[in-house]
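Colleague: following is a predicted model, sequence given first.
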Amino acid sequence: MESVLSSKADKSRLLIATRNRGKMREFRQLLLGVPIRLVSLDEVGVSLEVEETGGTFEENARIKAIAYAQAAGGRLLALADDSGLEVDALGGAPGIHSARYGGDASFSDQDRVALLLRNLEGVPWERRTARFRSVIAVWAPGGSITTVVGSVAGMIQYEPAGTGGFGYDPVFFLPSYGATMAQLDLLEKNRISHRADAARKAVTVLQRLLTPDP
């Protein structure tokens with residue numbers, strides 16, 4: 001449950017706990033309904049690298065929201081998300097390890113997509129079901145932390161297609177669109193994505209926090 005903000009809270013800025021430019025662009029679109037300026041970790045001078053030690057998306061989102069909010073001085077509202085791809089034929093992998101799939105920090109998005117496709121070699125189309133899942137945590141200075149969840153279902157196609165998006169978007173096929181996530185324009189992606197689903201719920205949380213009590 002959200003609580004009243006501390007009187008010392010800075011309500012003019014919302015810290016988005018990421019350095020990923022693609023993710024930051026998405027959040028700027030997704031949170032347009034929130035009357036507050038979005039700032040990244042780099043913009044507030046936070047160089048801390050938080051270790052994601054949780055066993056679930058929710059645990060990692062909470063860890064990041066709290067740690068980065070405190071590193072930024074503890075006066076800003078902070079939003080962190082943990083998201084990833086769950087592939088049924090791989091037992092839910094890469095899951096919480098999506099951003100580090102393969103275990104090598106030097107891997108690019110293209111490397112991780114290539115590894116995923118290699119691990120799915122021989123898997124028939126009907127078994128290539130998957131979903132993107134996102135958990136967003138909102139931390140309120142002097143208050144509580146609230147989490148919301150979003151997801152979108154699809155299939156992992158055999159080859160990448162599309163130049164939009166990032167991560168696994170080029171192989172995440174949406175049957176109802178006949179296209180991969182990377183083939184959608186940004187506005188459409190931000191309407192249907194897992195992060196969009198979670199962000200709509202986060203907007204409600206943030207609006208409540210920023211609305212003064214009558």
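Modeller: Great, that's in hand.
Colleague: for the top helix by length along the chain, what is the distance to the chain centroid?
Modeller: Counting by DSSP state H, the longest helix found in the chain is helix 194-210. For helix 194-210, the gap between its own C-alpha mean and the chain's C-alpha mean amounts to 12 Å (CA atoms, centre = their mean, to the nearest Å).
Colleague: mind listing residues that contact that helix?
Modeller: 2, 5, 11, 14, 23, 26-27, 30-31, 33-36, 77, 79, 81, 83, 131-136, 138, 140, 143, 146, 148-152, 189-190 (CB atoms under 8 Å, 6 or more residues apart in numbering). Using the backbone N, CA and C atoms, a C-beta is placed for each residue, glycine as well.
Colleague: which of those fall within strands?
Modeller: Mapping those onto strands (DSSP state E) picks out 11, 14, 77, 79, 81, 83, 131-136, 138, 146, 148-152.
Colleague: so how far is residue 65 from the closest residue to residue 81 other than its chain neighbours?
Modeller: Spatial nearest neighbour of residue 81, chain neighbours left out: residue 136 (4.5 Å); criterion: CB to CB, 6 or more residues apart in numbering. Going from residue 136 to residue 65 by CB to CB, to the nearest Å gives 9 Å.
Colleague: who touches both of the two?
Modeller: 79, 80.
Colleague: give me the below-cutoff pLDDT ranges for the protein.
Modeller: Scanning the chain for pLDDT under 70 picks out the ranges 1-8, 105, 143, 212-214.
Colleague: show me where it has helices.
Modeller: Going by DSSP H, the chain shows helices at 21-30, 57-71, 109-119, 186-192, 194-210.
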